[in-house]
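Undergrad: structure, please.
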Amino acid sequence: MITITSLTKRYGRLAAVDDVSFTASPGRVTGFLGPNGAGKSTTLRILAGLATATSGSATVLGHRYADLPNPGLEIGVLLDASAQHGGRTGRETLVLAQRTMGLPAARVDESLELVGLTRAESRRRVRDYSLGMRQRLGIATALLGDPRVLVLDEPANGLDPAGIRWMRDLLRGFADDGGTVLLSSHLLAEVEMIADDIVMIGSGRVVAQGPTTDLLAGARTLVRADDVVALGAALAGAGHHVTPSGDAVLTDAGPGTAGRLAFGAGLAVTELRTADGAGLEDMFLELTAATAREAVGSAPIPTGASA
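TA: Residues are numbered from 1 along each chain as shown. Below you'll find the predicted structure:
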């Protein structure tokens, strides 16, 4: 289990993390979401013992990371796959971690096989790895000590669709076996597919948290019609929440209700389905709009400057 309690980190007057509290429980995948600069990485760095909290606490299995006698046996961490030593081979990276943790040498080959890196790939220098291969190596290192907790920051970066599916299955299996997974990612559709719980932060503070199904109970139907304005008016007129999404709308009305309301308004529906990830994206954008970097109006381009 991971327990974050009233965690605060200040840099001068700036509160990068501001009184954040949540738990990530065994047997569950917890998605940790927020726009760039929201405080996610700072929280994870404090949890992994790479930064010191101004106040509050972050513990793994009831202990601070720094107090764990052999941390790699309790928690596997991947915060930045590109930070690996480029001059070492993949195997050398794992052997170094294996010896540091006092593990049997056989764990190196077991971990390489688990993440799908071949013997030939393991003998290449990390500087020659693609980002996807570095991600696999980082996950192999995180899993080397057979920990009970995994903390991963953007682990799907650089992975192709097959790799993303592999990652999803790996994390789901880890949690189903009783492990704790804390996953930070901007791939919202993937998070919605795998996360049992969600913690969302903006400007260093928690703006939403709870079971994924509870948080996404509304705004779960996508409806598309030729006259999207009239469609939105029909749904809103019946008391349902409506959010425009291109030439469609997202609504908290169920598919049957949405279809009947469109029919009653004389509208031909061209698509009607469960949102399949748009619900989380919609909630994310709504709850973090005030703090997202993209929400800030673009500054005028100086005369003569290229766009």
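
Undergrad: tell me where the stretch 1-150 of the chain has helices.
TA: 40-47, 90-101, 106-115, 119-122, 131-143 (DSSP state H, counting those that start in this stretch).

Undergrad: buried stuff in the fourth one?
TA: Read that as helix 119-122. For helix 119-122, burial by neighbour count (16 or more other Cβ atoms under 10 Å) applies to 121-122. (C-beta placed from N, C-alpha, C; glycine too.)

Undergrad: other SSEs contacting that helix?
TA: helix 90-101 (3 or more Cβ pairs under 8 Å, 6 or more residues apart in numbering; DSSP states H and E).

Undergrad: from the chain's centre, how far out does the helix it packs on sit?
TA: Here helix 90-101 shows a centroid-to-chain-centroid distance of 27 Å under the convention Cα atoms, centre = their mean, to the nearest Å.

Undergrad: picking up where we left off before, nearest to residue 76, of the helices of the stretch 1-150 of the chain?
TA: Nearest to residue 76 among these is helix 131-143; the distance by Cβ to Cβ comes to 3.1 Å.

Undergrad: and the angle for the closest one with helix 90-101?
TA: Between helix 131-143 and helix 90-101, the angle formed by their directions is 20 degrees, by axes from the mean of the first three to the mean of the last three Cα atoms, to 10 degrees.

Undergrad: can you give me how far helix 131-143 is from the chain middle?
TA: Taking the mean of its C-alpha atoms, helix 131-143 sits 16 Å from the chain's own mean (Cα atoms, centre = their mean).

Undergrad: ok, now stretch 244-264?
TA: Using Cα atoms, centre = their mean, the offset of stretch 244-264 from its chain centre is 29 Å.

Undergrad: got it, and stretch 154-161?
TA: 11 Å.

Undergrad: for stretch 141-161, same thing?
TA: Here stretch 141-161 is found 12 Å from its chain centre; the criterion is Cα atoms, centre = their mean.

Undergrad: one more: stretch 43-63?
TA: 18 Å.

Undergrad: that stretch - what's its average pLDDT?
TA: For stretch 43-63, mean pLDDT rounds to 95.

Undergrad: contacts for that stretch, please.
TA: Stretch 43-63 is touched from outside by 1-10, 17, 19-21, 32, 42, 64-66, 68, 71, 74-75, 77, 79, 148-149, 151, 153, 182, 184, 201, with contacts defined as Cβ atoms under 8 Å, 6 or more residues apart in numbering.

Undergrad: CA-only coordinates of it, as CSV, when you get a sec.
TA: Coordinates of each C-alpha in stretch 43-63 appear next as CSV, following Å, rounded to 0.1, in the frame of the first residue of the first chain:
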residue,chain,number,x,y,z
THR,A,43,4.8,13.7,-5.4
LEU,A,44,6.4,10.7,-7.0
ARG,A,45,9.9,11.9,-6.4
ILE,A,46,9.1,12.4,-2.7
LEU,A,47,7.6,9.0,-2.5
ALA,A,48,10.7,7.5,-4.1
GLY,A,49,13.1,9.3,-1.7
LEU,A,50,14.4,11.7,-4.4
ALA,A,51,13.0,14.8,-2.8
THR,A,52,12.1,15.9,0.8
ALA,A,53,8.7,17.0,1.7
THR,A,54,8.1,20.4,3.4
SER,A,55,5.5,18.7,5.5
GLY,A,56,3.3,15.6,5.5
SER,A,57,4.4,12.1,4.6
ALA,A,58,4.6,9.6,1.8
THR,A,59,5.0,6.0,2.8
VAL,A,60,5.3,2.6,1.2
LEU,A,61,4.0,-0.4,3.2
GLY,A,62,4.0,1.9,6.3
HIS,A,63,7.6,3.1,5.9
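
Undergrad: I figured residue 234 hits residue 262, correct?
TA: Yes - here residue 234 reaches residue 262: they are 6.3 Å apart, a contact under Cβ atoms under 8 Å.

Undergrad: and this protein, what are its domains?
TA: 2-210, 221-274 (automatic domain parsing).

Undergrad: going along the chain, name the strands of the stretch 51-200 of the chain.
TA: Remark: strands assigned in the stretch 51-200 of the chain by DSSP state E, counting those that start in this stretch are 55-60, 75-78, 149-153, 180-184, 197-202.

Undergrad: now the angle from the third one to strand 180-184?
TA: Yep, that's strand 149-153 we're talking about. Using the same axes, to 10 degrees: strand 149-153 against strand 180-184 is 10 degrees.

Undergrad: how about the first one?
TA: Computed with the same axes, to 10 degrees, the direction of strand 55-60 lies at 120 degrees from that of strand 180-184.
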